[in-house]
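here is my input; please provide its structure:
(2 chains)
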Amino acid sequence: DQQVKQNSPSLSVQEGRISILNCDYTNSMFDYFLWYKKYPAEGPTFLISISSIKDKNEDGRFTVFLNKSAKHLSLHIVPSQPGDSAVYFCAASELTGANNLFFGTGTRLTVIP
Amino acid sequence: EPEVTQTPSHQVTQMGQEVILRCVPISNHLYFYWYRQILGQKVEFLVSFYNNEISEKSEIFDDQFSVERPDGSNFTLKIRSTKLEDSAMYFCASSDYTDTQYFGPGTRLTVL
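Below is the predicted model:
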């Protein structure tokens, strides 16, 4: 089951610079997308979401971009801070009621002070 | 800020034993979920629950698994006869009508 893919297992960025995390999906029925942040031994923490009727959603330092034709989404963090260091998961669902999430494998972001 | 809570944080059990993992979802949420993450693998959906019944379940959620909302606040996952391969982090999540799921801190299940 590879419906949601995060091809970069890790990313290192200097503090203050932009972090760009990428996610691809294969199921054209997905219409709701989320990014979660996860620290070791904790549950995923919701960051930001986007529905398929939009191509961009912004919340503070976090912006998610959705390219439906390419089945690609990305999370931009500007400026990156050391506290952003964590594993980032993208997830997707069909808005059919139950909305079970399909997760990617995660990208470990390290922000270097 | 309301949050999902889970108990215990770590459960160790012998193969073949029954375990019950407990969750208290966010109080005004209507949809409840269980996910698991085997070490080194992705987070996987197990089951969703709405209006006191299962909405959807994955292939993983076989007859050894069951869920229950025994009262107005708790949501439980029972594994009837644990196997070694059930060792994983189990996450409970809940959502209201907005489709954003909020996760608990997880229970680490170790089956020996």
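
use CA for all of it now, contacts and neighbours both
Noted.

all strands of chain B, in order?
Counting by DSSP state E, chain B has strands at residues B:5-7, B:10-13, B:19-24, B:31-37, B:43-50, B:53-57, B:65-68, B:75-79, B:88-95, B:102-103, B:107-111.

how about the last one, does it get close to chain A?
No. Interface with chain A: strand B:107-111 contributes nothing (CA under 8 Å from any CA of the partner chain), its closest point being 8.5 Å away.

quick one: that strand to strand B:88-95, angle?
150 degrees (axes from the mean of the first three to the mean of the last three CA atoms, to 10 degrees).

B:E56 and chain A: what is the separation?
To chain A, B:E56 is 6 Å away according to CA to the nearest CA, to the nearest Å.

next up, the contacts around that residue.
A:98, A:100, B:47-49 (CA atoms under 8 Å, 6 or more residues apart in numbering or on different chains).

can you lay out the strands of chain B as a markdown table showing mean pLDDT?
Compiled in a markdown table, the strands of chain B are given as follows (pLDDT from 0 to 100):
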| stretch | mean pLDDT |
| --- | --- |
| strand B:5-7 | 96 |
| strand B:10-13 | 97 |
| strand B:19-24 | 97 |
| strand B:31-37 | 95 |
| strand B:43-50 | 94 |
| strand B:53-57 | 91 |
| strand B:65-68 | 96 |
| strand B:75-79 | 97 |
| strand B:88-95 | 96 |
| strand B:102-103 | 95 |
| strand B:107-111 | 97 |
